[in-house]
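*Asks:* Provided below are the primary sequence and the corresponding predicted coordinates.
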Amino acid sequence: MSTFSASDFNSKRYSSSRPSYPSEFYKIIDEYHKGERNLLVDVGCGPGTATLQMVKELKPFDQIIGSDLSATMIKTAEIIKNGSPDTYKNVSFRVSPSDNFEFLGSGLVDKQKVDMITAVECAHWFDFDKFLQSVYANLRKDGTIAIWGYADPVFPEYPEFDELMIEVPYGKDALGPYWEQPGRARLRTMLKNSNLDPVRFHDIQVSYFNAKDVRNKERLHQNTEKPLFIRKQITLVEFAEYIRTWSAYHQWKQDPKNRDKKDIADWFIEESLRRRPELTANTKVEVVWNTFYKFGRRT
C-alpha cells in the first residue's frame, strides 16, 4: 500500500492514534491455536501495534517476526520495540511484501516451519490468493492463520454522527476520492469476498461484528459468536487525530487543490459540535468499530 510506504507518512501518529485490540480477543486466538509456539510471523505489521501486543497478550512464542512493505512503518516499530528491549527481546522486524517469506532464511522459507501467521488490519491491500499461497507454503500442519481488522467507526450514543461518519471518509467533496481501491472497498465489506480455501485450511472460523448492534441489546445478545469488540473512550480532538492516520487523509493533504481548504479533521470537530453543542472538543465519547476475523488451520 503505497501511501503507508511514503517517507512523509506520519507513522508515529498512526501508532499512537489507532485503536488496539482487547485482551479478550487474544484469549480467543490462544484458545484456537493448537500445538507448538516456536515462531509467529505478523505480516503487514505496520508500526508493530499488534506484533508487540501479542508478546504481552498471547501465551509465549519463542520468536515473533513482524514484516511490512513500508520501511517507514518498520522504522517506527523498531523505535517502539527498542524503548522496552527486555520486554520485546524475542521480536524482530523485516521489510518485506506480504507474500514473501524469504526473510526467514533458506533453512526455513517455504518449509512449513511457522506455527502462526497473522495479518492485522492489512489483508485488504494484499493479493489475497498469493498471500494464502505463501501462508500455505510456510505454515506447519495445523498451524494457525489469523486475519482480522476493523473499519467505519460508530459513536453509539450519538446517532446524529452516523451521517457524518459517511460524509467525512466517503463524501465526494471530502476523502472519498482519495482511497486506494479496491483495498478500501474490501475493508468496508470486512473481506467477505476473501475467504480461506477449505482445501488448504480446516476448522475455519469467521466472525463479523456490526458496530451499530451495540444500540440494540436484543440483537447484540443474539450474536452467539465471540466477536472482536473494539471500543475506545476518546475525545473529538483525539478522533480527529485518528482521521489523520487514514491513507485517504494523507492523499487529500497532498492534493494542491485542498491547500486552502479547512483541514477535514478539524471540520469533523466543528460539525460534530454543531450537531451536539453540549459537547466540547475534549469531551470523552465512546467509539465502536465494525470488525471481522478469519481463523484457519493448515491442512
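*Replies:* Arrived safely, thanks for sending. Numbering: from 1, shown residues only.
*Asks:* low pLDDT regions in the stretch 101-250 of the chain?
*Replies:* 219-224 (pLDDT under 70).
*Asks:* all strands in it, in order from the N-terminus.
*Replies:* Counting by DSSP state E, counting those that start in this stretch, the stretch 101-250 of the chain has strands at residues 114-120, 139-154, 201-209, 231-235.
*Asks:* go through these and pick out the most buried.
*Replies:* Highest mean neighbour count of the strands of the stretch 101-250 of the chain: strand 114-120, a mean of 24 (counted as mean count of other C-beta atoms under 10 Å). Bear in mind the C-beta positions are built from the backbone N, C-alpha and C, glycine included.
*Asks:* ok, back up a step: got CSV for the strands of the stretch 101-250 of the chain, with distance to Phe101 too?
*Replies:* Below are those laid out as CSV (distance: least, C-beta to C-beta, whole Å):
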stretch, distance to Phe101
strand 114-120, 8
strand 139-154, 10
strand 201-209, 17
strand 231-235, 33
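*Asks:* among those, which comes closest to Ser23?
*Replies:* strand 231-235 (13.0 Å; C-beta to C-beta).
*Asks:* tilt between that closest one and strand 139-154?
*Replies:* 40 degrees (axes from the mean of the first three to the mean of the last three C-alpha atoms, to 10 degrees).
*Asks:* packing partners for strand 231-235?
*Replies:* Judged by 3 or more C-beta pairs under 8 Å, 6 or more residues apart in numbering; DSSP states H and E, strand 231-235 is in contact with strand 284-298.
*Asks:* what about stretch 90-107, start to end distance?
*Replies:* Taking C-alpha to C-alpha, to the nearest Å, stretch 90-107 runs 19 Å from one end to the other.
*Asks:* hang on, I meant stretch 188-203
*Replies:* Stretch 188-203 end-to-end distance (C-alpha to C-alpha) = 25 Å.
*Asks:* also stretch 274-287?
*Replies:* OK, stretch 274-287 end separation, C-alpha to C-alpha: 19 Å.
*Asks:* so what touches it?
*Replies:* Under the criterion C-beta atoms under 8 Å, 6 or more residues apart in numbering, residues 19, 153-158, 160-161, 164, 231-237, 239, 269, 272-273 lie in contact with stretch 274-287.
*Asks:* which parts of that stretch are buried?
*Replies:* Leu279, Val285, Val287 (16 or more other C-beta atoms under 10 Å).
*Asks:* ok, so of those residues, who is nearest Ala185?
*Replies:* Closest approach to Ala185 among those (C-beta to C-beta): Val287, at 22.2 Å.
*Asks:* so how far is Tyr242 from the closest one?
*Replies:* 8 Å (C-beta to C-beta, to the nearest Å).
*Asks:* overlap of the contact sets of the two?
*Replies:* The overlap between the contact sets of Val287 and Tyr242 (C-beta under 8 Å, 6+ apart) consists of Pro19, Ile234.
*Asks:* burial measure for His250, as a count.
*Replies:* Using other C-beta atoms under 10 Å, His250 has 19 other residues around it.
*Asks:* same check, this time on the one 5 residues further on
*Replies:* As a burial measure, the neighbour count of Asp255 was computed by other C-beta under 10 Å and equals 11.
*Asks:* how much space between the residue lying closest to it once chain neighbours are set aside and Ile204?
*Replies:* In space, Asp255 comes closest to Tyr178 once its chain neighbours are excluded; the distance is 7.3 Å by C-beta to C-beta, 6 or more residues apart in numbering. Distance of Tyr178 to Ile204, computed by C-beta to C-beta: 34 Å.
*Asks:* same question, Asp115
*Replies:* Using C-beta to C-beta, one gets 18 Å for the distance from Asp115 to Ile204.
*Asks:* spit out the contact partners of the most centrally placed residue in the chain.
*Replies:* Central residue of the chain (C-alpha atoms, centre = their mean): Glu121, 2.3 Å from the mean position. Shown in contact with Glu121 (C-beta under 8 Å, 6+ apart): Arg18, Gly44, Gly46, Ala50, Trp148, Gly149, Tyr150.
*Asks:* where along the stretch 51-200 of the chain do the helices fall?
*Replies:* Under the criterion DSSP state H, counting those that start in this stretch, the stretch 51-200 of the chain carries helices at the ranges 71-82, 128-138, 164-170, 183-188.
*Asks:* among those, which comes closest to Asn90?
*Replies:* helix 71-82 (10.5 Å).
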